[in-house]
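**Student:** return a 3D structure for these sequence lines:
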Amino acid sequence: MTPWRVVGDAVGEVPPETTQQVVGYPALFVLVALGALVPVIPTGALVSTAAVVAFHHQAPLPGVLLVFGVAALAAFTGDVTLYWLGQRGVRSRGGSRRLEALRGRATPERLEQAQTKLDEHGVLVLVVSRLVPAGRIPVMVACLLARLPLRRFARGNALACLAWAATYGLIGILGGSLFPEPWKGVALAVALTLLISAAPSAWRHLRPPASP
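**Tutor:** Model (predicted):
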C-alpha cells in the first residue's frame, strides 16, 4: 500500500494496488518538475497534500521521507533544466525566447533586488528565493545575467530544493496531524500554501505608498 491509497479511500475510489505503486510517486515527481518549468502548477500545495496522505499511511515515516526526497529531486531537476535553457539564451548572439520569457516573469524591481542579494550573499540567496513566493525566478535570472556556471548554480539550488521540500512537507504533516480524516488535512494544507503564495502580493497592495 502507498500513501495514495488514503486519497482514494477519502473520495471512495481506490485504484488497484499495482496502479498506485506505479503512478503515485512518479506522478508527484513529474508534476513538481513540470511546475518548476511552467508556473501554473501549485507545486507547494501538491507536496503538502502528498505529505498529508503519507502521514495517514500505516507506516507514515517512510512515506513522508519518500515524499520529501521525490519532491526535492523533482524541484532540483526542473530548476536545473530551466537554468540550462536560460544559459543557452545567454550564450546565443541574439538571446532566446526562453531567457526573455524568464525576464518577463521578473519585475525590474525584483530583478534588481535579486542581483544585489546575489552580489552580497552568493548562491546562498537561492535557498531564500525558493522559500519566498515569486522569489525563485528573479534570482535565477540574476544568476543567468551574472553568467553563474551551471555547476555552481546546481550546488546552491540543491540546498534550496531540500529546504523547500522540507518546508512544504512540514505544512502537510501539520495538516495531517490536526485531523483524523485525510481530506481535512489536505484542505488545511492547501489553504496554508495558497495563503503563503498570496501573502507577498497582498502586502504590496495593502502597504502604504512610499513617501516621495
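
**Student:** buried residues in stretch 74-83?
**Tutor:** Along stretch 74-83, these residues count as buried under the neighbour rule (16 or more other Cβ atoms under 10 Å): 74-80, 82-83. To be clear about C-beta, it is placed using only N, CA and C from the backbone, and glycine gets the same treatment.

**Student:** quick one: mean pLDDT over it.
**Tutor:** For stretch 74-83, mean pLDDT is 95.

**Student:** other residues contacting it?
**Tutor:** Residues from elsewhere that reach stretch 74-83, judged by Cβ atoms under 8 Å, 6 or more residues apart in numbering: 28-37, 43, 102, 130, 136, 140, 143-144, 150, 153-154, 157-158, 160-161, 164-165.

**Student:** any quick ChimeraX command for the buried ones out of the residues you listed?
**Tutor:** The following ChimeraX line selects those of the contacts of stretch 74-83 that are buried, judged by 16+ other Cβ under 10 Å:
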select :28,29,31,32,33,35,36,43,102,130,136,140,143,144,153,154,157,158,160,161,164,165
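
**Student:** chain neighbours aside, what residue packs nearest to Ala54?
**Tutor:** The shortest distance from Ala54 to any residue other than its chain neighbours is 3.3 Å, reached at Gly63 (Cβ to Cβ, 6 or more residues apart in numbering).

**Student:** which helix or strand contains that neighbour?
**Tutor:** When elements are defined using DSSP states H and E, Gly63 is found to belong to helix 60-91.

**Student:** check the offset of that helix from the chain's centre.
**Tutor:** Helix 60-91 sits 8 Å away from the centroid of its parent chain (Cα atoms, centre = their mean, to the nearest Å).

**Student:** I figured Cys161 hits Ala72, correct?
**Tutor:** Yes. Using Cβ atoms under 8 Å, Cys161 is in contact with Ala72, at 4.7 Å.

**Student:** could you pull out the helices for this protein?
**Tutor:** In the chain, the segments counted as helices under DSSP state H are 4-11, 17-37, 43-55, 60-91, 97-104, 108-121, 125-131, 136-145, 150-178, 182-206.

**Student:** packed most tightly, which of those would that be?
**Tutor:** Among the helices of the chain, helix 43-55 has the highest mean neighbour count (mean count of other Cβ atoms under 10 Å), at a mean of 28.

**Student:** got the angle for that one vs helix 150-178?
**Tutor:** Relative orientation of helix 43-55 and helix 150-178, computed by axes from the mean of the first three to the mean of the last three Cα atoms, to 10 degrees: 50 degrees.

**Student:** return the distance of helix 43-55 from the chain's centre.
**Tutor:** That offset, for helix 43-55, works out to 12 Å (Cα atoms, centre = their mean).

**Student:** now swap in stretch 158-171 and tell me
**Tutor:** Counting by Cα atoms, centre = their mean, stretch 158-171 is centred 8 Å from the centre of its parent chain.

**Student:** nothing else from me, thank you.
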